[in-house]
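> no sequence for this one, just the structure:
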C-alpha cells in the first residue's frame, strides 16, 4: 500500500489527516458550493454581496419556477435526453458489433481498422466541423435532434470500439472455440456468448457516453440553431447572454444541467471509472 | 486462433463455407460506414476545403495555399497559437496535481469513498457550467473582485485584462482536468504491486526514493493515459473560451479551436476555406500526439499477439 496507511502513523498525524480531509474538500468544492448557495438566494442578497453567508430568504423553488416559466429550460432538458439516450444506445450497439468483429476474427485489415477508429477518436472537432455541418445540411437534418444524434453515434463509435474490442479480446477464447466446435453459428456466438459477457463493458460505456453527450456543447452549437432542438448546454449559454448578473437564475439553471450526469455518476460509479481508465482498473 | 478453426462440415452451402470470413465484415459494416462518413472522410474534405475560398453558399474558388499564406500574416492566428501553447504547458500541471491529490486521498478511513467521489465531481459536470461558475467568480461584481476590494487591494477582473484573461480561463479549465488525472492515479495506486513496495521498504527505501524508484515506474500506464488525455483536453479548449470570453478582450483569449469556429461560422463572415486552414494546423499539431499514442498501442498489440 502506498502511501503508508494513516492508521500506522502517530496519533497526531491521524487526527490532522482527518481534519485536513474535510477542509481540503471544502476548498476544492468552493466553486460548486458557491453556485449551490447562489441558486437559493434572491437578487437582494446578490446585490448586497451576501454570497457566502446565511441567505436572507430561501428562494430555491421560486428561482427554479422562474427559470422554468420564463425560459425554454424544460424543453432544453427534454432535448438533452432526446439527444443523449439514442446516442448512448446507438454507439454502444454499434460498438458491440465492431468490437466483436475486431476482437475475435483474424483478417488482414483488422489492426488497420482498429487504429483508424482510435485515431479518428482523437481528432480535433474543428477539422470535422465544416464537412459534418454541410453533410447534415444536405440530408435535411440541420437544426434537428436526429442530425446531432447521427453524428454523435458515429463519433462515439470510435471510442466505444476501442473499449469493446479490448474488453472482448480479454475474454477467454476457449468459450468461442468450444461453441464453434458444437456447430454454433457466428451470430449465435455473438448473441448468446459474447453479449452476456460484455455486460460490464456495456454498462461502463453507457454511463460514459451519457455524460460525454449530455455535456457536449460544441456540436450542439454547430448543428443546432433553434431553441426547439437545443440541449441544455447550448441553452445555458444563450441564457448566460440574456441574464447578465441574474446569477441566482443562472445558478439554478446550471444546477439543472449538472444533476443528471451527477446522478448517473453516483449510481454507476464503478462502471464510470472503469470506463474512464479504459478498463485498466480491476473491479 | 479463432480464424483457423474448422467448421464442422454439415451442409455444404456457400454461407457455411464462408461464414468465418464474412462475419467480421457484416458486424463491422454499420459502425464502420458511419465512422467513415462522419469522421474519416470529413478530415480529408476539410483539408481540401482549406485550399478554397468559399462562404458555404456561392461556388467555391480554388486558391491553392493562399489561405495558409494569409495565416502567416494573421496576428490573431499567432495569438491563438501562443495561447494554445500556454494552455498546453499549464494544463500539464493537472498531471502532478492529480497525482498529489490521489496520494493524499489513497487511505482507508471512514467515508473515503464518498470523499473521493466528491473530489471527482468537477469532471462529471459540463464545462459550460464550470465556465459559467468561474466567469461569475471573476466578474467584478462576482466573488473575487469584491473580495479583493474588501481587503483593500482594489477591484480586479481578470477576464477583462488582456494580458491575463487567458490564465483565468486556463485555471478554470484545469479544475476538472485535475479531477480526471486524480481518478486515473487513484486507479493506478489501487493496482500497485504490494510485494515490490514491501520489498523496497525492507531494503530501507523510504519517502522520496521509494516513490521515485518503485511507485512512479509502476504508475507509468496511469501517467501515460493522464498525459494523453490532458494534451488532448488542452487542445480541445473550446467550451471554456466560448462561455467565458468568446475570445475577447480584443481576441486576446482566442485559441485555435475557437478562432477557427469564429472565422468559419460567425461575425467574421463564413470563411470556410480560411477556417479549414486553421483547423488543419490544429489537426497537424494533434496528429503528433495521435501517432505517438497509436505507436504505443501498436507496440503493446504486437506483444499481445
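Ah, there it is. Bear in mind that the values here come from a model prediction, so they are computed numbers and not experimental data.
> So residue A:57 lies in a strand, does it not?
No - if the criterion is DSSP: H, G, I helix; E, B strand; the rest coil, then residue A:57 is coil and not within a strand.
> where does the chain have low pLDDT?
Here I'm looking at chain A. Scanning chain A for pLDDT under 70 picks out the ranges A:245, A:278-283.
> The intended chain is chain B.
B:1-12, B:267-268, B:304-305.
> domains of it?
Segmentation of chain B into domains, based on automatic domain parsing, reads B:2-49, B:75-304.
> Could you look over those and pick the most buried one?
domain B:75-304 (a mean of 19; mean count of other CB atoms under 10 Å in any protein chain shown). Every residue, glycine included, has its C-beta placed from N, CA and C.
> what about the nearest residue to residue B:97 once chain neighbours are set aside, distance to residue B:167?
Excluding the flanking residues, the one nearest residue B:97 by CB to CB, 6 or more residues apart in numbering or on different chains is residue B:178, at 5.0 Å. For residue B:178, the distance to residue B:167 equals 16 Å [CB to CB, to the nearest Å].
> Sketch out the strands for chain B, chain order is fine.
Ranges of strands in chain B, per DSSP state E, are B:52-53, B:61-62.
> so which of the ones you listed comes closest to chain A?
Evaluated over the strands of chain B, closeness to chain A peaks at strand B:52-53, with 10.3 Å, by CB to the nearest CB.
> For the closest one, which outside residues touch it?
For strand B:52-53, contacts defined as CB atoms under 8 Å, 6 or more residues apart in numbering or on different chains pick out B:60-63, B:66-67, B:272-273, B:276.
> cutoff 7 Å now
B:60-63, B:273 (CB atoms under 7 Å, 6 or more residues apart in numbering or on different chains).
> and what of stretch B:126-144?
A:31, A:34-35, A:51, A:215, A:217, A:233, A:236-237, A:240, A:245, A:247, A:250, A:254, A:257-258, B:122, B:145, B:155, B:157-159, B:168, B:172, B:175-176, B:239-240, B:243-244.
> Equivalent analysis for stretch A:99-113, please.
With CB under 7 Å, 6+ apart as the criterion, stretch A:99-113 contacts A:114, A:161, A:164-165, A:167-169, A:176, A:190, A:194, B:1-3, B:23-24, B:27-28, B:32, B:301.
> tell me how far it is from the chain's mean position?
Distance of stretch A:99-113 from the chain centroid (CA atoms, centre = their mean, to the nearest Å) equals 27 Å.
> what about the closest residue to residue B:21 other than its chain neighbours, which helix or strand?
Nearest non-adjacent residue to residue B:21, counting by CB to CB, 6+ apart: residue A:107, 7.4 Å away. Secondary structure assignment for residue A:107, by DSSP states H and E: no helix or strand.
> buried stuff in the helix ranked longest in chain A?
Secondary structure assigned by DSSP state H gives helix A:73-104 as the longest helix of chain A. Neighbour counts over helix A:73-104 (16 or more other CB atoms under 10 Å in any protein chain shown) mark A:73, A:75-77, A:79-80, A:82-88, A:90-92, A:94-104 as buried.
> related to what we said a few turns ago, would you mind saying which of the domains of chain B lies nearest residue A:3?
domain B:75-304 (5.8 Å; CB to CB).
> tell me, what residue is most central in chain A?
Centroid-nearest residue in chain A: residue A:211, 1.2 Å away (criterion: CA atoms, centre = their mean).
> That residue should be in a helix, yeah?
Yes - judged by three-state DSSP, residue A:211 forms part of a helix.
> How about the contacts made by it?
A:261, A:264-265, B:124 are the contacts of residue A:211 under CB under 7 Å, 6+ apart.
> Would you agree residue A:77 is in contact with residue A:231?
No - counting by CB atoms under 7 Å, residue A:231 is not a contact partner of residue A:77; they are 8.4 Å apart.
> Give me the neighbour count for residue A:175.
13 (other CB atoms under 10 Å in any protein chain shown).
> What residues does it make contact with?
So residue A:175 contacts residue A:193 (CB under 7 Å, 6+ apart).
> hmm, back to that, going through the contacts of strand B:52-53, which ones are buried?
If we count by 16+ other CB under 10 Å, the contacts of strand B:52-53 have these buried: B:60, B:63, B:273.
> and residue A:62, that's in a strand?
No - read with three-state DSSP, residue A:62 is helix and lies in no strand.
> Could you give the number of residues near it?
Residues lying near residue A:62 (other CB under 10 Å) number 14.
> got it, and the one 3 residues further on?
Neighbour count for residue A:65, taken as other CB under 10 Å: 12.
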